[in-house]
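Participant: With the input below, show me the fold.
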Amino acid sequence: MALAISGGCARQFVSRTGHDKSRRRVITTSCTLSRTQTGGDVVDWVEATSSFFERDSRPIMLFDGVCNLCNGGVRFVRNNDRNRRIRFEALQSEAGKNLLKRSGRAPDDISSVVLVEKDRSYIKSEAVLKIMEYIDLPFPQLALFLQFVPLFIRDFVYDNIADNRYAIFGYSDSCEIID
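Facilitator: Here you go, the predicted structure:
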């Protein structure tokens, strides 16, 4: 049994008012989990997974390794990431489970793509937009445009696709993508 000590996912809403009386609302979702208590031991998951970022600071895209839609998404990102700015790891792998814990998620939660950077993590539509920022043109510009769609709408669409991904796209018996 694991007990979260600190961290989790947090959404920040920041409103700024300028001299021109315009208001700008910024919404960010980040997930972090610094420690969990398993039995009598306290595990600092940021420290426990720091080796993933010691020699390679590129972010890691966690994906459902048996989902055909997710595997297609990984192939799409690879084909549009000529500079290889993103690494990949299946959610079901041991490394993926540890990175999920680092991100404040349950180790068996395969409901969402997660992008793990050295200092923070992104889930659902926020992860998709952040991934788009890393790949080649025109996707960073598209991500900039899509960030103005309210988060609850983006996550509603994301959740509906994610909840039906096996029924629509099917699944395979094992992970097809090897990094």
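
Participant: so where's the protein uncertain?
Facilitator: Within the chain, the set of residues satisfying pLDDT under 70 comprises 1-41, 176-179.

Participant: can you give me the helices for it?
Facilitator: In chain order, the chain shows helices spanning 45-48, 68-79, 94-102, 124-134, 139-146, 151-163, 165-169, with DSSP state H as the criterion.

Participant: Send over the first one as CSV, restricted to the C-alpha atoms.
Facilitator: Included here for helix 45-48 are C-alpha records, laid out as CSV according to Å, rounded to 0.1, in the frame of the first residue of the first chain:
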residue,chain,number,x,y,z
TRP,A,45,10.7,9.2,-6.5
VAL,A,46,12.4,12.3,-8.0
GLU,A,47,15.7,11.1,-6.5
ALA,A,48,15.0,7.5,-7.3
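
Participant: ok, the residue nearest the centre of the chain - contacts?
Facilitator: Central residue of the chain (C-alpha atoms, centre = their mean): residue 114, 1.9 Å from the mean position. Shown in contact with residue 114 (C-beta atoms under 8 Å, 6 or more residues apart in numbering): 31, 61-62, 91, 99-100, 103, 105, 121-123, 127. C-beta coordinates here come from the backbone N, C-alpha and C atoms, glycine included.

Participant: about what we covered before: pipe the helices of the chain into JSON lines and attach mean neighbour count and distance to residue 54 per row.
Facilitator: JSON lines is the format used below for these (neighbours: other C-beta atoms under 10 Å; distance: least, C-beta to C-beta, whole Å):
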{"stretch": "helix 45-48", "mean neighbour count": "16", "distance to residue 54": "12"}
{"stretch": "helix 68-79", "mean neighbour count": "17", "distance to residue 54": "23"}
{"stretch": "helix 94-102", "mean neighbour count": "21", "distance to residue 54": "14"}
{"stretch": "helix 124-134", "mean neighbour count": "22", "distance to residue 54": "20"}
{"stretch": "helix 139-146", "mean neighbour count": "14", "distance to residue 54": "27"}
{"stretch": "helix 151-163", "mean neighbour count": "14", "distance to residue 54": "32"}
{"stretch": "helix 165-169", "mean neighbour count": "12", "distance to residue 54": "33"}
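
Participant: Can you check which of the ones you listed gets nearest to residue 57?
Facilitator: With distances scored as C-beta to C-beta, the stretch of the helices of the chain nearest to residue 57 is helix 124-134 (12.4 Å).
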